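1. show me how the following folds:
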Amino acid sequence: MKLILLTIWILVGVAGLAYHFGPGQGQMTRDQISSQLAAAHRYALDGEYDAAMPLYDQALSKLPIEQRAKVFEVRIEKAKLQIEAGATPKAYAELVELAPLVLPDKQLPASLKNELTSALGAAEFYGTWIMRLEGKPKEVWLPFAESSRQRFRYLSEATPPTSDDALTYRQNLERVIRLERMTIEELQGMPLPPAVGNAMSGDQGEGSGDMGEGKGPGKGKGKGDGQGPPTDDREGAGAGNLIRRDGS
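-> Below you'll find the predicted structure:
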């Protein structure tokens, strides 16, 4: 009996070691990734960009390349964080790079494609705001404003009209239109959203960088005739945050 119990105990131990060094390793990695992304999300919501950024990088370094949708999702989230931190040109370059990988892929979910399109529109919106404050000529910033407007028009029309997302996209479309129509004096009198304030003066602030240096907006999904509801009021032009994040 003792020999049988000893044999069972040894076999259980061997099975445990096999799990730990086999499937258990994969589960531990998945748990680490989930924990890092959850922490990064909390830091992002609190505006603690320096704490969130390395967590996204750590999660990306562990994600298998086969999990393409998840990798793309995390890269988009990191780019959104960079926009808020004031590194809009760097974030925009990343999003433009992702567009031909994500948008034409029929195997990826529509929600991921919408998230990328929305992030591109937000980067172009804040880039436009920054370029205007920097005194860039209209022919430089207008193509970005037009691209942002087309992206949010596409999203507002492609989303079920009664959904919360559709309302958000319509509101963002109106913000882009107001930003485009405001005089520079009106714009200078607006309170700066964090993405613009950080870009102009933050530790990671890059201004508009090379967004307006002979480079037009990146290509991506976004259609529309460029027309939006006319408005003369300034309410909402600088209000809110175009960066979509659950819980914000």
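2. ranges for the strands of this structure?
-> Secondary structure of the chain (DSSP state E): no strands located.
3. flag the shaky bits of it, pLDDT-wise.
-> Applying pLDDT under 70 to the chain flags residues 1-26, 202-206, 212-216, 218-240, 246-248.
4. can you pull the contacts of the closest residue to residue 152 other than its chain neighbours?
-> Counting by Cβ to Cβ, 6 or more residues apart in numbering, residue 152 lies nearest to residue 173, which is 4.0 Å off, once chain neighbours are set aside. Where you see a C-beta, it was placed from the backbone N, CA and C, and this is true even at glycine. Each residue near residue 173 by Cβ atoms under 8 Å, 6 or more residues apart in numbering is listed here: 149, 152, 153, 156, 228.
5. hang on, residue 192 packs against residue 201?
-> No: using Cβ atoms under 8 Å, residue 192 is not in contact with residue 201, being 9.1 Å away.
6. need the contact list for the most centrally placed residue in the chain.
-> Geometric centre of the chain, nearest residue: residue 80, 3.1 Å, by Cα atoms, centre = their mean. The neighbours of residue 80, taking Cβ under 8 Å, 6+ apart as the test, are 44, 91, 119, 122, 243, 244, 245.
7. chain neighbours aside, what residue packs nearest to the first one?
-> Once flanking residues are discounted, residue 44 sits nearest to residue 52: 4.6 Å by Cβ to Cβ, 6+ apart.
8. go on, the fifth one?
-> Of all residues beyond its chain neighbours, the one nearest residue 243 is residue 80 (5.0 Å), with distances taken as Cβ to Cβ, 6+ apart.
9. can you tell me how far that neighbour sits from residue 104?
-> Distance, residue 80 to residue 104, using Cβ to Cβ, to the nearest Å: 22 Å.
10. over to residue 193?
-> In terms of Cβ to Cβ, residue 193 sits 32 Å off from residue 104.
11. more neighbours: those two, which one.
-> residue 193 (20 against 10; other Cβ atoms under 10 Å).
12. for stretch 63-70, output the C-alpha coordinates as CSV.
-> What follows is stretch 63-70 as a C-alpha-only set of coordinates in CSV (Å, rounded to 0.1, in the frame of the first residue of the first chain):
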residue,chain,number,x,y,z
LEU,A,63,1.8,38.2,-27.4
PRO,A,64,2.3,35.5,-30.0
ILE,A,65,2.3,36.9,-33.5
GLU,A,66,-0.4,34.4,-34.4
GLN,A,67,-2.9,36.4,-32.2
ARG,A,68,-3.0,39.1,-34.9
ALA,A,69,-6.3,40.7,-33.7
LYS,A,70,-5.0,41.1,-30.2
